[in-house]
Structures are given as C-alpha cells and as structure tokens.
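Engineer: need a 3D model of the following:
(2 chains)
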2 protein chains.
Amino acid sequence: MVEWKNLNELSAFKELETAGRVCLPEVMSGENGAQRVKSYCAPMAEGMVYNYAAKAVDDTVLKGLKKLAEEAQLQEKYAALYNGEVINTGEKRLVLHQLCRGQLGNDVIADGVNKREFYVKQQERIAEFAKKVHNGEITNAAGEKFTTVVQIGIGGSDLGPRAMYIALENWAKKNNKLKMKAAFISNVDPDVAAGVLSNVDVAHSIFVLVSKSGTTLETLTNESFVKNALVEAGLDPSKHMIAVTSETSPLAGNEGYLDAFFMDDYIGGRYSSSSAVGGAVLSLAFGPEVFAEFLEGAAEADKLAKEPDVLKNAAMLDALIGVYERNVLGYETTAVLPYSQALSRFPAHLQQLDMESNGKSVNRFGEPVSYVTGPVIFGEPGTNGQHSFYQLLHQGKNIIPMQFVGFRQSQIGSDVDIQGSTSQQKLCANVAAQIIAFACGKDDTNLNKKFDGGRPSSIIIGDQLTPRSLGGLLAHFENKVMFQGFVWNLNSFDQEGVQLGKVLAKKVLAHDTDGALAVYSDLLAI
Amino acid sequence: MVEWKNLNELSAFKELETAGRVCLPEVMSGENGAQRVKSYCAPMAEGMVYNYAAKAVDDTVLKGLKKLAEEAQLQEKYAALYNGEVINTGEKRLVLHQLCRGQLGNDVIADGVNKREFYVKQQERIAEFAKKVHNGEITNAAGEKFTTVVQIGIGGSDLGPRAMYIALENWAKKNNKLKMKAAFISNVDPDVAAGVLSNVDVAHSIFVLVSKSGTTLETLTNESFVKNALVEAGLDPSKHMIAVTSETSPLAGNEGYLDAFFMDDYIGGRYSSSSAVGGAVLSLAFGPEVFAEFLEGAAEADKLAKEPDVLKNAAMLDALIGVYERNVLGYETTAVLPYSQALSRFPAHLQQLDMESNGKSVNRFGEPVSYVTGPVIFGEPGTNGQHSFYQLLHQGKNIIPMQFVGFRQSQIGSDVDIQGSTSQQKLCANVAAQIIAFACGKDDTNLNKKFDGGRPSSIIIGDQLTPRSLGGLLAHFENKVMFQGFVWNLNSFDQEGVQLGKVLAKKVLAHDTDGALAVYSDLLAI
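Structural biologist: Sure thing, here's the model as predicted:
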C-alpha cells in the first residue's frame, strides 16, 4: 500500500541531513577520483550512461539515498502511476504519458477504453496520414506536395516538439530522413506568426493546430492569423490544417481541418512530446519510422526506471541526488549544459518540464510544505556557455549544480583537424575539462585566479544523438522529475500557478480593471 | 577622490539591512498601487521608461538606496571610467565601450591615440566597406553581389551581435533595411558549422571572423571549417572573409582577408556589440545608418546614466534595486522576461553580460568578499514562459525577482483581431496582468490555487523595438551591471573564472592527463 508522506517525515532524510558532507576536490583527486569515474555510473537507454562521479556524494550518502528511495516508496509510486491510479490529485486524473511508448504494467482502462490501444491507434493514424502526405496522396488543392509543416501551439505543445525537432534536424538531413522542414508558431506576439509566414512557402505548408481543450487563446489567435494569410493567398485553410486535440474539443470532427488526431486529459502538456502532440509534427518532418524509434528509446528508459536497485536506476538516482543538493546542501538552481548544439532548446524544454512540475509550495493534499522543492533550471549549449556565464559557475558566491550531456560522435560527421584534434574531440575535451575544473578547482596565491572547486556536476554520455538516444534522454528527465515530485510529495502533474495571470489578462482585455492594473494597462496602451 | 570600498563597509548598506521591509501585496493594492505605478518610473533612452512600482521598495528604501549610491560614489566611479582611468584592475586596462557611441567626458588618450577617434574611424571604415558590398563594388570572384553575412565568433563575439541581429531582423524586413541575411557560427561542435554552411549560399556569403587576440581556438577551428568548405566549392577564401580583431593580432594586415576592422583591449567581449564586433555584421546586414541609430540610442542611455538624481537614473536605480534584492532580501536568481519575440536571445546575452561581469567572489583588490554578488540570470520571451516555468515563479518556494520588457507596438504591424483585441494587445495585457498577479497574489481556501504574491518585478516599456530603442536597452543593462560591480566593489571587466577549463581542455587534447580526467577522456573517446 502506497503512503504519501512529506519529505521531512522520512527518517532517511533526517539521517542524510546529519550525515557528513563530501569534500569534492578531495575525493575527485588522484586514483580515488579515477575509481569514482569508473564506478559511479548507471546505465541509460541506447547505451548511454549517467555518470555522477563529480557529484558531492559517497557510498554513505548513496546508502542514505537508497534508504530514502525505499522509504518514499518511489518504485511503488511509479507502479501506481503506470498501472493507472489517479496520481494527478489536483485535477483527479491518471498520468499516462509513458503508455504512449509501452505497456509497463497492467492494462489501463479509462473512460471505457484501453488507453495503450488508444495511444497506439493515434500513432497509426498519424503514420498513415504522414505517409500519404509524403507520397503525394494528400496534397494541396493544386495537387502539389506539401514541403513544410508548421506547428501552432504554446507551452508543452511547442517547447518539447520544437526541442525534439531541432535535436534531430541535422541528423535527419545527414541520413536522408528529412521529409519536410518544420517551423513553429507559439508566442501571441504578432511578429512571430508574421515572421514565420514570411519565411515559409504557405501554399506548400501543412499547419498542425495543437490545443487539448481547443480553447487556448494564444493558439486560436495564431490560427486565425494563419487562416487569414491562407485566405489572402487564395488558399482554402481547411485543406492546409490538421488538429491535435482531445476527442471532446470543438476541433474534433470539425470540417475546418483535413484530419484530427487525439490526445487526452491523462497526458499533461509538458509530457506530451511522445503523444500525438509531438507525433504529428515529428512524423510529418522525419517520417513515422523515426518517431517510432524515438518512442522506443523512451520506452527503454521507462523500463530502466523500474529497476529496484537505485544504483542501476539512472533516473531515480539523478532525482535523489538532485533532492540531496536541493534540500540537504541548499542549492537553488541547476544548470543543464549539453555539449551538442542540436540540444540547444532542450534546456528550455526541461525548464518547463521541471519548473512547471515541481515549482510548488503545497503537497499533493494541498498542505504547505516546509522544505524547498523544484530548482530553477537554466542552460545553454557548451562550449558557448564557457565563453559566457561559466564565470559565475566557477567563481560566483553561490554553488550551482550542473548536468552535462555529451556525445562521442557528431550528427553530421563533417569535421576538421586543427592543431592535432577534430572539432568533436575539442568539444568532448572541453566537457571533460570542465567537470574536473568545477570539481577540483585550482589553488593560486592570486585569489582572482583561484578556483575553490567543490562545484558538483554529473554527465550523461552517449555515442550519438539519434532518435533513440533522444527518446531515452527525454524520458530520463521526465522520470527524474516524476521521482523528485514523489520525494517532495507534490502533485507534479497540475499547474495551478499559471491560472491567475490568465484571469487577470482577460480582465485587462475587457477593460475591467482598476488600481495598479489599470495604470499599467494605460502605460502599455491596451 | 574615488575610494573603493566593500559593500559591507558602507553605513548606508547597514541601514538598509535593518530598515523595515515592504509588503508588496499591500502597497500595490487600491489607489496606493495606482499611485506607485504612476510615480515609480524613471526615464530611459528613446522615450522608454523603467517602472519599478512592483519592486519591494518604498520611499524609505529608495532614500537608503540614494544614500548607498552616494556613499559608493557611483557617479564618480562612472566618471573615472569614461574619463579613462584603469578600471579593469585585474588586466590593468581602461574600460571604453561607451566611447564607441559618444564622448561622455574628457578625451581619452591611450597608446598615443585618441580612442574616440579610433572607434569612430573603425565605424567609418566599416560603413564604407558595407556600402561597397551593398552597391556591388565589392563582390565575389564571379562579380556577383554578396547576399549573406556569416559571423564566426564565440562568447561576446557571438551572443551580443546575434541577439541584436535577431532583435532587428523583422523590423528591417518591414522597413526595407535588410541588406543581407546574417547567420552565426560559434560553438566548436562541428555540426554547427556544417549545419550553417548547408543552409547558406556559400558562393554569395561574406564571413566575418571575430577574435580580438586572433587565437581563440573555437573560432580558428570554425574558420578552418569554413575555409575548407569554400575551397571545396572552388572559391578563394581570401575573397570571402573579413576580420575583426586587434591591430596587433596575426589577423591584422593579413592577406587572407578582404579587410580587417579593429577593436582593442579596452572593450571586453561582452561589451563589444557597439564596437567593430557588432558593427561589421550589423552594418552589413542592415546598413551603416541603422547601426548608427543603434549607437545613438546607446549614447542617450549612457548620458542618462550620468544623472546625479538616482530616481531619474534608470540604470543606476535598476542596479541598486538589484543589489537590495540580492544582499538584503537574499534572492539568488533574476528572470529576464521580454514580451517581444524579437528579444528571444536578449536574455542569453544578458546572461553573459551580467554573470561573467559580476559572478565573482573577490573584490577588485583580489580580496574575498563576505557578501553575495551577481545573480543567476535566465529568461525566455513571454507569453511563452507563462505556459512553462512561470508556475515556479508564481508558486515556488524561492522568490525570483523579474525584469519584464514590453513594447506598445509590434515590429511588423500585421495583426489579427480575435475576441475584441489584437495579438499585440493580448501580449501587452498579459505582461500587465503578470506584474499584478506576481505582486498581489490571490487568496483561496484551496491552497493549491492560492497565490501569496510578494514576487517583485520591474518593467521597461517602450513604443517599439527599433535600432534606437534596442541600443538604449542594451546600454541600460551594460550600465546597470557596471553600477552593480561598483557597489559590490568587483572588477566587472575581467573573467579569470573561464581560464582553468581552457588549460585543462588543452591537456586533454594533448593526452597529458591522469586520474579522473583521464577516465573521463576515455569515456568520451577523445
């Protein structure tokens, strides 16, 4: 039987608080450091590894984390989730994104439907549709092939799919898998839609309108923007648009769209990249086979997250070390630093995934918690960041834990040998060097040139960023955030914090304001 | 006479620490809130305003900040800087980026040269070169016009110029000022150069190699990558490349380049957007007149920063409120949230500007400081962020101060009226609504739907994002960071924290490693 307890009620947590701290520059030096790098490593999907040698943990702390995992019943809670319990207590919903990529436990029947079958059916419908677009069975009114797909959505309907597209665009070009270019319209800023429309060939574009409820104001506004542009170009919008929405939304069964593909209330926006939300645009861009590989990588990560031994369960271990850093060591922010430009928007996606899931102050029963919860997440690709904000990470007053990602091979494979090494080797050398610089530091009599070290980082290492490894990477972080939510006893699957702004914005637009809001509205000439 | 003192030696700081705190939900409600929005406003360049009504300050705190500004001699230190004193003590250099856009004080003579004249001369040389490219006097070997400019640089040679280009691209299209498309190659990840080269028309591209020293490894590596591609395409690299560098670098007077334009050691990378580093690419992309307008906006901001009355000096006030939030209220992170997609990379630039300048633990004399210094900076454009990480900003356990930016008009001007309002009005309504939601919160018996408020923000409001307002915005933040560095008694103009990683990366590439670093190198197959 699963018991939901606050973190500070767990005796394992209290033990971790009073246990000794690890001196990172010390443990990471010499042969001991080399041994740590070899042994502090957990397997991930597609041959990737999660290496946490440069985290401020040792065997004692790890033992404490293992105990915490057991006491917090992380495995049992994960099983409850994938077996279809109402884990999203705020909205009284199941949480089923993992079911898009595999059957981890019992059949989940909801609303009279086997949900795994439902998600697979949508994948099959999308695959069929995408193939018809690619082979010219579905064309524009002039009978010409579509060449571009434009996603219209915001938040989870934008960040995840966009980050995944960018992550695979060069890979797809290199491997002759780029069936259609993709573009994205999200922000209600009118310059976004206008700018994207001026850059794409509208007559040969298919637009994917993504809104679960069919009522997201930004998305409907941008849809109108696009429809106007299509009409102005003498085109019939209903021949250029598909919808991704819930079966009960006004967009379903609507003649304004070529077709509609479905998600449901059991997959939150920020977890929807592996549902139809990511499936439509990615299957159109790269072909359904590539999207299927992406799902396979994610499914492998989901299975690994069932591993009972914490030390072999990368997502759980990553989660627990994060909790240790946040609640025991007191660090507020985490930097995500991929050494792969293809992952340039991955940190923005993780920002949503993590901060929207666990940036909360009440537990799943609506009671205030006394401990800190989700960290601030930010990041940019290395080596760019090294020439930018790393100064603060190395020598600033606050310690910012880091999560590196690196791949042995580039995606395109073109390279150049300068001063005895390739660019890819330089890229990898830099991430290795940074981990040691952060952990070990360097003494200097000139304090301006001194590095204290003791700045913890982990690294995920893979062979190459491919659809499979990307799926594994995404699911790793989804599962990490889920496990952290369990430890903090939060409901990671609602987002009440975004509601108040929406309500007030409507008031402003209705000119139903007074006080400070009225003056701001005047200043902004609304 | 200027005296450099640590923050905790200043009596004004001690008074601020012990003074009462402001209850933001209280002061921002009702007529009092409306009055604050009207009066807590400071002028900025190009008619913009800095509104700080929703910051946790009141007249008492502002009086304390004024006293702090005087005691810390912020005006005198700014004057020392623009009059040519050696402000960058670590590297023993003058700090002259403001001199690129105007003469704020005495003539500055260094190395026997009037530096204002030197910077203006480079602007004129760039303008002349750009005009020749635009009118077809300078062409490729086939006598065809160049259509694209590609900047090769990293850190300050990339982030600022790139953010500025993106900020003005749509404006330029709309106003027929887009002379050439620009692209950027920065990361040593070989997929970046390969990806950019596959997207541009190499035969009609001019490449701007930016490296002050002429020895930045990433940049030289990417240059080789590009030169190989040019040679493979049957083109002569020396007819497709210009250099932006120092007069003493190996790139100066080098026959491998069509021409070279100069910067010097007195302008740090992160402050170099208004030097030849930004000047070359922006003048080629938009024409030298547009770059001149950008400099005029920056010059206006620099002049405003000389204003002795703190309440009329937006950059100084913004700086002081930031210090108050960091050192008195104890907030670690600041979010920069532009409600303008054109500013999508502006937060990444500010991340470098701020975190590389003030992410330090020793003062300008190399002594450790006991107080916290520069914050972590992150951000994404609204309304996108609202559907993402704002959850944590509204209901998370830590308070994250925010810096909004908004404009009354869009850049392109195309818009659509849905449900009684345009997209631009929706965009502006959202930022107004967020400020109030963050400051005032909302009570609810369901604590999951309760908002405590008390989350401070400021907003910069302008009419439209144009070259002038962009210049003003950039210089505002440059000056803000400079003033904060003065208050914290830091040297904001060196970056020793980025050195250790470089040294270790070289060791990895030379296979001169042992211990943990050697094992990481193996794992990454270097």
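
Engineer: could I get the buried residue list for stretch A:249-258?
Structural biologist: A:249, A:251, A:257, A:258 (16 or more other CB atoms under 10 Å in any protein chain shown). (Glycine included, C-beta is placed from N, CA and C.)

Engineer: farthest-apart pair in the residues you listed, please.
Structural biologist: Using CB to CB, the two most remote members of those are A:249 and A:258, lying 16.2 Å apart.

Engineer: about what we covered before: please convert the buried residues of stretch A:249-258 to CSV, extending it with secondary structure.
Structural biologist: As requested, those are arranged in CSV below (DSSP: H, G, I helix; E, B strand; the rest coil):
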residue, secondary structure
A:249, coil
A:251, coil
A:257, coil
A:258, coil
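
Engineer: next SSE downstream of the helix or strand bottoming out on mean pLDDT in chain A?
Structural biologist: One helix or strand of chain A scores below all others by mean pLDDT, DSSP states H and E: strand A:417-418, with a mean of 92. Downstream of strand A:417-418, the first helix or strand assigned by DSSP states H and E is strand A:421-422.

Engineer: does the top helix by length along chain A reach chain B?
Structural biologist: Secondary structure of chain A per DSSP state H: the longest helix is helix A:467-488. No - Helix A:467-488 lies out of reach of chain B by CB under 8 Å from any CB of the partner chain, never closer than 9.7 Å.

Engineer: so the residue lying closest to residue A:478 once chain neighbours are set aside versus residue A:159, what's the distance?
Structural biologist: Counting by CB to CB, 6 or more residues apart in numbering or on different chains, residue A:478 lies nearest to residue A:271, which is 6.0 Å off, once chain neighbours are set aside. Distance from residue A:271 to residue A:159, counting by CB to CB, to the nearest Å: 12 Å.

Engineer: which one of those two is surrounded by more residues?
Structural biologist: Comparing residue A:271 with residue A:159 by other CB atoms under 10 Å in any protein chain shown, the one with more neighbours is residue A:159, at 31 against 26.

Engineer: ok, the more buried one touching residue A:348?
Structural biologist: Yes - between residue A:159 and residue A:348 there is a contact at 5.7 Å, judged by CB atoms under 8 Å.

Engineer: who touches both of the two?
Structural biologist: Jointly contacting residue A:159 and residue A:348 under the rule CB atoms under 8 Å, 6 or more residues apart in numbering or on different chains are residue B:388.

Engineer: wait, what's in contact with the residue of the stretch 101-250 of chain A found nearest chain B?
Structural biologist: When scored by CB to the nearest CB, the stretch 101-250 of chain A has residue A:155 as its residue closest to chain B, at 2.7 Å. Contacts for residue A:155 (CB under 8 Å, 6+ apart) come out as A:186, A:269, A:270, A:352, B:384, B:386, B:387, B:388.

Engineer: give the contact list for the last one.
Structural biologist: Contact criterion CB under 8 Å, 6+ apart gives A:155, A:159, A:270, A:348, A:351, A:352, A:355, A:356, B:380 as the residues in contact with residue B:388.

Engineer: turn these into CSV, including pLDDT.
Structural biologist: Output for the contacts of residue B:388, formatted as CSV (pLDDT from 0 to 100):
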residue, pLDDT
A:155, 94
A:159, 97
A:270, 98
A:348, 97
A:351, 98
A:352, 98
A:355, 98
A:356, 98
B:380, 96
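
Engineer: show me which pair in these is furthest apart.
Structural biologist: Within these, A:270 and B:380 form the most distant pair, 14.1 Å apart (CB to CB).

Engineer: compare the two and say which is more crowded by neighbours.
Structural biologist: residue A:270 (29 against 23).

Engineer: leaving out the residues flanking it, which one is nearest to the more buried one?
Structural biologist: Among residues not flanking residue A:270 along the chain, residue A:156 sits closest, at 4.3 Å (CB to CB, 6+ apart).

Engineer: quick check: residue A:154 touching residue B:384?
Structural biologist: Yes - the criterion here is CB under 8 Å, and residue A:154 meets it with residue B:384 at 6.5 Å.

Engineer: overlap in contacts, the two.
Structural biologist: Taking CB under 8 Å, 6+ apart as the criterion, residue A:154 and residue B:384 both touch A:186, A:187.

Engineer: next, count neighbours for the residue of the stretch 1-150 of chain A found nearest chain B.
Structural biologist: The nearest approach of the stretch 1-150 of chain A to chain B comes at residue A:33, 3.4 Å away (CB to the nearest CB). Neighbour count of residue A:33, defined by other CB under 10 Å: 26.

Engineer: repeat that for residue A:370.
Structural biologist: For residue A:370, the neighbour count with other CB under 10 Å is 10.

Engineer: can you pull the contacts of it?
Structural biologist: By CB under 8 Å, 6+ apart, residue A:370 lies in contact with A:6, A:8.

Engineer: try 7 Å this time
Structural biologist: For residue A:370, the contacting residues are residue A:8, taking CB atoms under 7 Å, 6 or more residues apart in numbering or on different chains as the criterion.

Engineer: which SSE is immediately downstream of the longest helix of chain A?
Structural biologist: Where DSSP H and E defines the elements, the next helix or strand beyond helix A:467-488 is helix A:499-509.

Engineer: show me what that next one is in contact with.
Structural biologist: A:513, A:517, A:521, A:526, B:386, B:390, B:394, B:420-421, B:425-426, B:429-430, B:432-434, B:436-437, B:442, B:451.

Engineer: please check the residues you listed and keep the buried ones.
Structural biologist: For those, buried by 16+ other CB under 10 Å: A:513, A:517, A:521, A:526, B:386, B:390, B:394, B:421, B:425-426, B:429-430, B:432-434, B:436-437, B:442, B:451.

Engineer: among those residues, name the ones in strands.
Structural biologist: Among these, the members found in strands (DSSP state E) are residue B:421.

Engineer: can you classify the residue of chain A most remote from its centre by secondary structure?
Structural biologist: Computed with CA atoms, centre = their mean, the residue of chain A farthest from its C-alpha average is residue A:445, at 42.9 Å. Here residue A:445 takes the coil state, with states given by three-state DSSP.

Engineer: what pLDDT is listed against it?
Structural biologist: pLDDT for residue A:445: 96.

Engineer: measure it to residue B:144 for me?
Structural biologist: 58 Å.

Engineer: surely residue A:227 and residue A:237 touch.
Structural biologist: Yes - between residue A:227 and residue A:237 there is a contact under CB atoms under 7 Å: 4.3 Å.

Engineer: quick one, helices of the stretch 201-350 of chain A?
Structural biologist: Remark: helices assigned in the stretch 201-350 of chain A by DSSP state H, counting those that start in this stretch are A:217-232, A:276-286, A:288-304, A:314-323, A:346-358.

Engineer: and those, which one averages the lowest pLDDT?
Structural biologist: The minimum mean pLDDT among these belongs to helix A:217-232 (a mean of 94).

Engineer: near chain B at all, that helix?
Structural biologist: Yes - judged by CB under 7 Å from any CB of the partner chain, helix A:217-232 and chain B are in contact via A:217, A:218, A:220, A:221, A:224, A:225, A:228.

Engineer: of those, which is the nearest to residue B:191?
Structural biologist: Among these, and counting by CB to CB, the member closest to residue B:191 is residue A:218, at 31.9 Å.
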